[in-house]
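> Provided below for reference: sequence and predicted model.
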Amino acid sequence: MGMIAVGDWKYVPARAVDEWVVGVDLGKSADNTAIGVIHHTVKGTGEDIVDNRLKIRREKTIRRFDLLHLQRLPLGMNYVAQAHAIGELMQREPLKSTRAKLVIDQSGVGAGVVDLMEANGLRPIRLQITAGSEQTHEGNVYRVAKTILISKLEAAMHSKELHVAADLSEAESLRDELRDFQRHVTASGANTWSARTGKHDDIVLAVSYGIWWSTSGAGRFWREELRV
């Protein structure tokens, strides 16, 4: 909704959001494919934030990222079978009726694997993880720095907006990966992220894709929501 005049002020109501996002970190021969399903919501609180300089009142919002499904596909599963398994997941409710977004990282396996998934009926948003600190996109391919993905996940955790369903079988694996995930500073002063040697980061990354799309995908990187 746009601005609504209230006397000499402008009132900006909360922009409600209710969407589902499925993040997929495709594994290679020695890694599992990880899948995370997030229900992203933004709701107004009925309270206002007043900007005296601009003479604007904005409705406060509460944002939630509810992580409701986590899984790893069996190690060694071929990509045709993986496409079938992901396709079956996307046909479940409420993902099917809400037209959930599917965000797949093609960085490690290459675009050809995602082409195969499209041939099996999936319509993924293609994510290409890069170095640096920027994100760009061309068509359906989004090139996003890893530091952006992880910073989005960190922000959701620190603000307590990320809620992990207690009954998830992979919840403990997520906690373990988060403990093993470390920030490194390069000689040039840039931040990089990776799991400790011998540890996995597939679940962490799959979750980060959903949070990133909910806040920064499809041109939303410029849109700032005021929060409680």
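That came through fine.
> show me where this protein has its strands.
For the chain, the strands defined by DSSP state E occupy 4-6, 9-12, 17-25, 34-51, 56-72, 101-105, 125-130, 135-138, 141-145, 162-164, 181-185, 191-195.
> could you say what helices and strands the fourth one packs with?
For strand 34-51, the contact count by 3 or more Cβ pairs under 8 Å, 6 or more residues apart in numbering; DSSP states H and E identifies strand 17-25, strand 56-72, helix 79-90, helix 202-216 as packing neighbours. For glycine as for every other residue, the C-beta is placed from the backbone atoms N, C-alpha and C.
> low-scoring pLDDT stretches of this protein, where are they?
1-8, 180-200, 218-228 (pLDDT under 70).
> closest to residue 162 out of the helices and strands packed on strand 34-51?
strand 56-72 (4.7 Å; Cβ to Cβ).
> how far away from the center of its chain is the closest one?
On the basis of Cα atoms, centre = their mean, to the nearest Å, strand 56-72 sits 11 Å off its chain's mean C-alpha point.
> likewise stretch 136-143?
Remark: stretch 136-143 is offset 15 Å from the chain centroid, using Cα atoms, centre = their mean.
> report the buried residues of it.
In terms of neighbour count (16 or more other Cβ atoms under 10 Å), stretch 136-143 has its buried residues at 137, 142, 143.
> need the strands of the chain in JSON lines with distance to residue 206, can you?
Formatted as JSON lines, the strands of the chain follow (distance: least, Cβ to Cβ, whole Å):
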{"stretch": "strand 4-6", "distance to residue 206": "39"}
{"stretch": "strand 9-12", "distance to residue 206": "34"}
{"stretch": "strand 17-25", "distance to residue 206": "4"}
{"stretch": "strand 34-51", "distance to residue 206": "4"}
{"stretch": "strand 56-72", "distance to residue 206": "8"}
{"stretch": "strand 101-105", "distance to residue 206": "8"}
{"stretch": "strand 125-130", "distance to residue 206": "11"}
{"stretch": "strand 135-138", "distance to residue 206": "18"}
{"stretch": "strand 141-145", "distance to residue 206": "14"}
{"stretch": "strand 162-164", "distance to residue 206": "13"}
{"stretch": "strand 181-185", "distance to residue 206": "13"}
{"stretch": "strand 191-195", "distance to residue 206": "13"}
